[in-house]
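**Q** Quick one, fold the following:
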Amino acid sequence: MREDKQTTSPKTWVDQKWFWPAVYAIIAIIMIAFIVLYNVLVTPEESDTLQPVSQEPENTIIETNAVEETMKFPFDELQLNNVKILQDFYDVTADAETRENALLVFNQTYSASNGVSIAINSEPFQVLAALSGTVTEVKLDAFTGNKVTIEHENGYTTQYTSVGDIVVQEGDNVVQGEPIGMTIENEWNPKAGIHLHFEVLKDGQYINPRTLLAF
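**A** A predicted model of the protein is given here:
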C-alpha cells in the first residue's frame with residue numbers, strides 16, 4: 001500500500017500571527033513620531049507670529065475728571081480777608097440776629113434772602129464761576145442788577161445777581177474759576193451798594209452757601 005505524503009508549503013511572514021499587529025504598531029509609532037516632530041518644528045514658528053490678545057482696547061478712554069469738584073468762592077480767594085457778608089441766607093433755624101440780617105427790605109416790604117450778599121471794600125470785584133458747568137440763563141435787569149445762572153453736573157445750580165460787564169452767554173461751558181462779570185449796584189437792594197448776591201441750589205432747592213463755603 002502506498003502511503004500518501006502530505007506536503008505543506010512553508011509559512012511566509014504574512015502568515016505569521018505577529019505580522020499584522022507588528023505592522024499596525026509600526027504605523028502608529030511613525031504617526032506619533034510625525035506628530036511630535038511637527039509640534040517641535042512647526043508650532044514654535046507659528047507661535048512667534050501670534051500676537052497677544054489685549055484685554056483692554058488700545059483706544060480706551062481713561063476718565064481724568066472722575067473726582068467731583070469742590071465748590072470755590074465766587075471771587076478771588078486772595079480777597080477773602082476783605083470780604084463782608086451784607087445779607088445772610090434766611091434760615092428759620094438760625095438765631096434772631098442772623099435771620100434779621102437775612103431779610104431784604106424794599107419799599108417797606110420784607111423778603112427772605114435765598115443766598116448771601118457779598119461786598120469787598122465796597123468796590124467792584126470780578127465774579128468767578130464757583131463750579132464748572134453750563135450757562136443756562138443771562139437775565140439783564142437794571143432793577144435787580146442782572147443775573148447769570150449756571151447748571152452743574154452734580155445737581156447744583158449757582159446764581160450770580162448784581163453783575164455787570166457780563167462776559168458769558170447762554171449755552172457757554174465755563175470752568176471753575178472762570179470770570180463771569182463784575183459786581184455792580186442795583187435798585188432792588190440799594191443799601192448794599194456794589195455787591196454780589198450769590199445763590200446755590202441743590203436739586204432745585206435753595207441751600208445756604210455757607211454750608212459749602214467757609215465765609
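
**Q** And the strands in this protein?
**A** Using DSSP state E, the strands of the chain run over residues 83-87, 103-106, 109-112, 115-120, 126-128, 133-139, 147-151, 156-161, 163-164, 173-174, 179-183, 196-202, 205-207.

**Q** Now render these as CSV, adding mean neighbour count.
**A** Placement of C-beta: from N, CA and C, glycine included. As requested, the strands of the chain are exported to CSV (neighbours: other CB atoms under 10 Å):
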stretch, mean neighbour count
strand 83-87, 17
strand 103-106, 14
strand 109-112, 10
strand 115-120, 23
strand 126-128, 21
strand 133-139, 16
strand 147-151, 20
strand 156-161, 22
strand 163-164, 22
strand 173-174, 16
strand 179-183, 21
strand 196-202, 23
strand 205-207, 14
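
**Q** and residue 33, which of the ones you listed is closest to it?
**A** strand 173-174 (71.7 Å; CB to CB).

**Q** Which neighbouring elements make contact with that closest one?
**A** strand 133-139 (3 or more CB pairs under 8 Å, 6 or more residues apart in numbering; DSSP states H and E).

**Q** what comes into contact with the strand it packs on?
**A** 146-153, 156-158, 166, 168-174 (CB atoms under 8 Å, 6 or more residues apart in numbering).

**Q** Name every strand pairing with it and say which way it goes.
**A** strand 147-151 (antiparallel), strand 173-174 (antiparallel) (DSSP bridges).

**Q** re the thing from before, between the strands of the chain, which one is closest to residue 32.
**A** Per CB to CB, nearest to residue 32 of those: strand 173-174, 70.5 Å.

**Q** And the contacts of the closest one?
**A** Residues outside strand 173-174 that contact it (CB under 8 Å, 6+ apart): 129, 132-135, 150, 168, 180.

**Q** pLDDT on that strand, on average?
**A** Averaged across strand 173-174, the pLDDT comes to 98.

**Q** Could you do stretch 88-95 as well?
**A** What stretch 88-95 shows for mean pLDDT is 88.

**Q** buried stuff in that stretch?
**A** Residues of stretch 88-95 classed as buried: 88-91 (neighbour count, 16 or more other CB atoms under 10 Å).

**Q** What is the end-to-end distance of it?
**A** Length of stretch 88-95, first residue to last, CA to CA, to the nearest Å: 12 Å.

**Q** sorry, back to before: nearest to residue 109 among the buried residues of stretch 88-95?
**A** Distance to residue 109 across the buried residues of stretch 88-95 (CB to CB) is lowest for residue 90, with 14.7 Å.

**Q** before we move on, the earlier item: for the strands of the chain, which one sits closest to residue 95?
**A** Minimum separation from residue 95 across the strands of the chain (CB to CB) falls at strand 103-106, 13.6 Å.

**Q** That closest one pairs with which strands, parallel or anti?
**A** strand 109-112 (antiparallel).

**Q** Show me what the partner strand is in contact with.
**A** Counting by CB under 8 Å, 6+ apart, residues outside strand 109-112 touching it are 90, 102-104.

**Q** In TSV, list those residues along with distance to residue 28.
**A** What follows is those, written out as TSV (distance: CB to CB, whole Å):
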residue	distance to residue 28
90	96
102	98
103	103
104	101
